[in-house]
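A.B. asks: Model the following, please.
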Amino acid sequence: MMKITININRQLLYSCIPVLLLFALVIQVKAQDRALTNTSASRFVKLKSLDMQDVHWTKGFWADRFKVAKEAMVPNMWKIYNDANISHAFKNFEIAAGLDTGNHKGPSFHDGDYYKTLEAMASLYASTHDRTIDEQMDKAIAVIAKSQREDGYIYTKAMIEQRKTGNKNQFQDRLSFESYNIGHLMTAACVHYRATGKTTLLNIAKKATDYLYGFYKKASPTLARNAICPSHYMGVIEMYRTIKDPRYLELAKHLIAIKGKIEDGTDDNQDRIPFLLQTKAMGHAVRANYLYAGVADLYAETGNDSLLHTLNLMWDDIQAHKMYITGGCGSLYDGTSPDGTSYNPNEVQKIHQAFGRDFQLPNFTAHNETCANIGNVLFNWRMLQLTGDAKYADVMELALHNSVLSGISLNGKNFLYTNPLAQSDDLPFKQRWSKDRVPYISLSNCCPPNVVRTIAEVSDYAYSISNEGLYFNLYGGNEVHTQLPDGTKINLLQATNYPWDGTINVTINDSATKMYSLFFRIPGWTKNATISVNGKPLSISTKPGTYAAIKRTWKKGDVVKLVLPMEATLIEANPLVEENRNQVAIKRGPIVYCLESVDQPGKRIFDTFIPSAIKLTPKAITIDGATMMALEGVAKTTSPQNWNQTLYRPVTAASSPQPLKLIPYFAWGNRGHTEMSVWLPLSR
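C.D. replies: Here you go, the predicted model:
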């Protein structure tokens, strides 16, 4: 990088650092600096990210989902957020910029929704280089820039009010989403810069980050707590990685340090207990997972072992006690904290979208907000980078294939806010959120742009690199053109019908001049995996839940064949999960299955019993244009029972055979209104 020597007083030099760094940033961007999460210079990570342009889906499951993202998901989301008759999000920016008149409409996190949509556009551009996308982003960014206050503060709701009253108020409402919005601005700006090379959005984010730095230096703990849903923890670190301004790392440290330093903190806002003193995952699941992801980013830059210790406690608690079989998080619509453990009623707080108690995992009333499930992916992705431990990739894969994809329809245009594991029309109450996917969730549309950007970015999670070689995290048909930190180029083609088939073929397209390793993830769900190179079996460890390493000087035309046996498996829950006692779920590979009423006409799905020795056969089906594997077998059923106004009844033996068809959980509800269940009773 260019060396600059300036003889000037220290204070002025310090104020110039951000400008000089941004100037240097434009001059030189190295390989792997254009990653979704840029860990290229992070000292405390084992794995580093590939550039966004390095991986392209070719054929198969994720290629099909990306095609829908390109043709429907992202264009549809862009249309929604630029149509004032639907979301008013962009219109808010125009009014805040003085380009139109009117009032702010929509939730206070509308700005953040728009930034997430911008990030989805930028991620799509990284893969397609579509000029139309670039031009659309340019026009929107120009308006956003005009809505920003001269001191860097940016929040359309406050700026519109300021234009009317002249009052410069900020962070006055503890439930305000100002920092959350700015956090998504930061992330979108970094992705936009890495995808396009332009600094237009990055300049806006830099001014906003500088503003936050000054604000938090002066704010009292009470005022500083107004930071609901901490996306800005991840955002600040990503800005630090991009701009290299040391103040941003200082800000990130400060944000974690002030957590819990108030008298009336709440688990709803993750500030009742200081982060380093937390021992259990509690409170609002979205905000918790975002917090953990941000802290993992901070550890990657600082190596503070205390942070990693608490992160490990949180992860262990979630996986062992609080996560659904689909990778979903946040079991309760409304919970309390601390729950059932305090003798002082004044200490008990209401928690929205709560994790709940250990093993408290209801099915019909499961909340599992799509954003919380995405937060689970973000958390595990960062833990994978820190450690290189395959267990984090297993959870990431589980959530992506199940509780994230369930949040969006197969055609990419309808959405769920919550992701229950059972749906019945007989529930004697109506919950807040629809169990049918809808085009726009008017009260809180945060999940749709979040799931759309996530699907557009799945290729960025597929691989990692280290000094030793290339790690295969997620499987799917793709091409990779990347390089290791020492400059060794890697070009390969992966062909597979995963997750419907466990056979993965990898062809090396370039000869190497030195040895390096390919690390293949052996998922925890498989047994007796095998690996061969050029048809010759290898005697290496393929222990489930690890990476299998093959080190050699690779030649063009070398073919690696990985076979992951994929059997349909009956899964039982810990007996302390009360709702699932004497019930089973069915899983094949990373895919969780469910029974839908549309596949059992004339029969109630809740009268279906699964024999313990059932034989389930995969069969290809197509739902709304998407091809997938169903599972077919023979279950047992009872005669239909009328439970109306009945709490208990004598047991009725399940003796009648019943054809059974199970579909992937993520695909439920795509054939009209339906009843559904993941957990089904074992036959008596």
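A.B. asks: Could you work out the end-to-end span of stretch 363-377 for me?
C.D. replies: 21 Å (Cα to Cα, to the nearest Å).
A.B. asks: State the mean pLDDT of it.
C.D. replies: Stretch 363-377 shows a mean pLDDT of 96.
A.B. asks: again with stretch 183-203
C.D. replies: According to the model, stretch 183-203 has a mean pLDDT of 97.
A.B. asks: Check stretch 656-674 too.
C.D. replies: pLDDT averaged over stretch 656-674 gives 96.
A.B. asks: likewise stretch 399-414?
C.D. replies: Rounded mean pLDDT across stretch 399-414 is 98.
A.B. asks: and if you look at stretch 501-508?
C.D. replies: The average of the pLDDT scores along stretch 501-508 is 98.
A.B. asks: roughly how far is it from the heart of the chain?
C.D. replies: Here stretch 501-508 shows a centroid-to-chain-centroid distance of 26 Å under the convention Cα atoms, centre = their mean, to the nearest Å.
A.B. asks: Now do the buried residues in that stretch.
C.D. replies: For stretch 501-508, burial by neighbour count (16 or more other Cβ atoms under 10 Å) applies to 502, 504, 506, 508. (Each C-beta comes from the backbone N, C-alpha and C, glycine too.)
A.B. asks: In terms of helix, strand or coil, where does the second one fall?
C.D. replies: At residue 504, secondary structure determined by DSSP: H, G, I helix; E, B strand; the rest coil is strand.
A.B. asks: re the thing from before, export the buried residues of stretch 501-508 to TSV and tack on distance to residue 338?
C.D. replies: Formatted as TSV, those follow (distance: Cβ to Cβ, whole Å):
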residue	distance to residue 338
502	44
504	46
506	50
508	55
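A.B. asks: got a list of what the residue most central in space within the chain touches?
C.D. replies: Against the mean C-alpha coordinate of the chain, by Cα atoms, centre = their mean, the closest residue is residue 374 at 2.4 Å. Each residue near residue 374 by Cβ atoms under 8 Å, 6 or more residues apart in numbering is listed here: 399, 404, 450-451, 454.
A.B. asks: Tell me how far it lies from residue 315.
C.D. replies: Look at residue 374 and residue 315: by Cβ to Cβ, to the nearest Å, they are 16 Å apart.
A.B. asks: my guess is the residue nearest to the centre of the chain is in a helix, correct?
C.D. replies: Yes. With three-state DSSP as the criterion, residue 374 is part of a helix.
A.B. asks: State the distance from it to residue 327.
C.D. replies: In terms of Cβ to Cβ, residue 374 sits 10 Å off from residue 327.
A.B. asks: Name the residues contacting each of these two.
C.D. replies: In contact with both residue 374 and residue 327: 399, 404, using Cβ under 8 Å, 6+ apart.
A.B. asks: Make TSV from the contacts of residue 374 and add secondary structure and distance to residue 125 to it.
C.D. replies: Below are those laid out as TSV (DSSP: H, G, I helix; E, B strand; the rest coil; distance: Cβ to Cβ, whole Å):
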residue	secondary structure	distance to residue 125
399	helix	26
404	helix	22
450	helix	18
451	helix	19
454	helix	16
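A.B. asks: farthest pair in those residues?
C.D. replies: Comparing every pair within those by Cβ to Cβ identifies 399 and 450 as the most remote, at 12.8 Å.
A.B. asks: Where does residue 352 sit: helix, strand or coil?
C.D. replies: strand.
A.B. asks: ok so, going back, out of the buried residues of stretch 501-508, flag the one nearest to residue 470.
C.D. replies: Nearest to residue 470 out of the buried residues of stretch 501-508 is residue 506 (Cβ to Cβ; 9.8 Å).
A.B. asks: Give me the pLDDT for the nearest residue to that closest one once chain neighbours are set aside.
C.D. replies: Of all residues not flanking residue 506 in the chain, residue 560 sits nearest, at 4.3 Å (Cβ to Cβ, 6 or more residues apart in numbering). pLDDT for residue 560: 98.
A.B. asks: List the buried residues in stretch 83-91.
C.D. replies: Quick answer for stretch 83-91 (16+ other Cβ under 10 Å): 84, 87-91.
A.B. asks: how far out from the middle of the chain is that stretch?
C.D. replies: Here stretch 83-91 shows a centroid-to-chain-centroid distance of 25 Å under the convention Cα atoms, centre = their mean.
A.B. asks: quick one, helices of the stretch 401-550 of the chain?
C.D. replies: Here the stretch 401-550 of the chain has its helices, by DSSP state H, counting those that start in this stretch, at 447-456.
A.B. asks: tell me which element residue 179 falls in.
C.D. replies: Using DSSP states H and E, residue 179 sits within helix 178-196.
A.B. asks: Let's see that helix as PDB, backbone CA atoms only.
C.D. replies: Once non-C-alpha atoms are left out, helix 178-196 reads as follows in PDB (Å, rounded to 0.1, in the frame of the first residue of the first chain):
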ATOM      1  CA  GLU A 178     -31.800   4.200  14.700                       C
ATOM      2  CA  SER A 179     -28.700   2.100  15.400                       C
ATOM      3  CA  TYR A 180     -30.300  -1.000  13.900                       C
ATOM      4  CA  ASN A 181     -30.900   1.000  10.700                       C
ATOM      5  CA  ILE A 182     -27.400   2.400  10.600                       C
ATOM      6  CA  GLY A 183     -26.000  -1.100  11.200                       C
ATOM      7  CA  HIS A 184     -27.700  -2.400   8.000                       C
ATOM      8  CA  LEU A 185     -26.500   0.700   6.200                       C
ATOM      9  CA  MET A 186     -22.900  -0.100   7.200                       C
ATOM     10  CA  THR A 187     -23.200  -3.800   6.000                       C
ATOM     11  CA  ALA A 188     -25.000  -2.800   2.800                       C
ATOM     12  CA  ALA A 189     -22.300  -0.200   2.100                       C
ATOM     13  CA  CYS A 190     -19.400  -2.600   2.500                       C
ATOM     14  CA  VAL A 191     -21.100  -5.200   0.300                       C
ATOM     15  CA  HIS A 192     -21.900  -2.500  -2.300                       C
ATOM     16  CA  TYR A 193     -18.400  -1.300  -2.300                       C
ATOM     17  CA  ARG A 194     -16.900  -4.800  -2.600                       C
ATOM     18  CA  ALA A 195     -19.400  -5.600  -5.400                       C
ATOM     19  CA  THR A 196     -19.100  -2.400  -7.500                       C
END
